[in-house]
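[1] Compute the structure for the input listed below.
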Amino acid sequence: MGKAEENKRIKKNALLSHAFSLFMNKGIPNTTISDITEHAGVGKGTFYFYFRDKDDLIEKLIAQKAAQLLTHSLTELQKKEALSVEDSFVFIANDLIEQLMNDSMLLRFLNKNLNYGIYKNAMEREDVKEEFDLIAKFYEIIEKDGSEWNDPMLMLYTVVELVSSTCHSIILEQQPVDYEHYKPYLEACIRSIVAVFRK
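    Numbering: from 1, shown residues only. This next block holds a predicted model:
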């Protein structure tokens, strides 16, 4: 990456960071583009160079945060000794949930947007691929045991949707139970999903 591209990336990430801070303090509806540019110390022209509008910024911010969560989980997974596909998925799910439990502000921001579409957008972003190719890592995980798979991306979709939809209320509100109570059931479900998709 050249100096000019690196500077663009830094400016864009700074805008995303300032926007996130404002969203957390003022709320998304109460934060304007003017607030973001003033907070970041740039003009509106700079904002519109990187984003179509506030909704575009929000979408990119959600994708960025999702990518950071996944990258952390996959980086931590690499530190483990060889795990089965099932154990790898369980590890990733637990790590994602623990990250969110430790960052309630981020969880509240992601809220109902924590779903497969968001993760897919995050995994396909070129700036994410440059740092950590999440799709390639996913395929590395499922191919290492030599199994053949029925529709691996559908398997990923099913696991992500399960984790995000069932854990939202559990993490935020501890309803219907707290995570420690739910954890063994979630892990068993993830193992069952992987078994269904293995040929």
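
[2] which residues sit in contact with the residue nearest to Glu76 when sequence neighbours are not counted?
    Leaving aside its sequence neighbours, Glu76 sits nearest to Asp95 (CB to CB, 6 or more residues apart in numbering; 5.6 Å). (C-beta placed from N, C-alpha, C; glycine too.) Listed by CB atoms under 8 Å, 6 or more residues apart in numbering, the contact set of Asp95 reads His72, Ser73, Glu76, Leu77.

[3] other SSEs contacting the strand or helix carrying the last one?
    Think Leu77. Leu77 is part of helix 54-78 when elements are defined by DSSP states H and E. With contacts defined as 3 or more CB pairs under 8 Å, 6 or more residues apart in numbering; DSSP states H and E, helix 54-78 has these neighbours: helix 3-26, helix 33-40, helix 85-101, helix 104-110, helix 116-124, helix 126-131, helix 134-143.

[4] got the contact list for the second one?
    Helix 33-40 has contacts (CB under 8 Å, 6+ apart) with 14-15, 18-19, 21-22, 26, 43-44, 46-47, 53-54, 57.

[5] Of those residues, select the buried ones using a ChimeraX command.
    Command for ChimeraX that selects the buried part of the contacts of helix 33-40, burial taken from 16 or more other CB atoms under 10 Å:
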select :14,15,18,19,22,46,47,54,57
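
[6] can you tell me which residues contact Gly41?
    Per CB under 8 Å, 6+ apart, neighbours of Gly41: none.

[7] how about a cut-off of 10 Å?
    Going by CB atoms under 10 Å, 6 or more residues apart in numbering, Gly41 touches Ala14, His18.

[8] Please name the residues that touch Leu57.
    Lys12, Leu15, Leu16, Ala19, Phe20, Phe23, Thr31, Ile33, Ile36, Phe47, Tyr50, Phe51.
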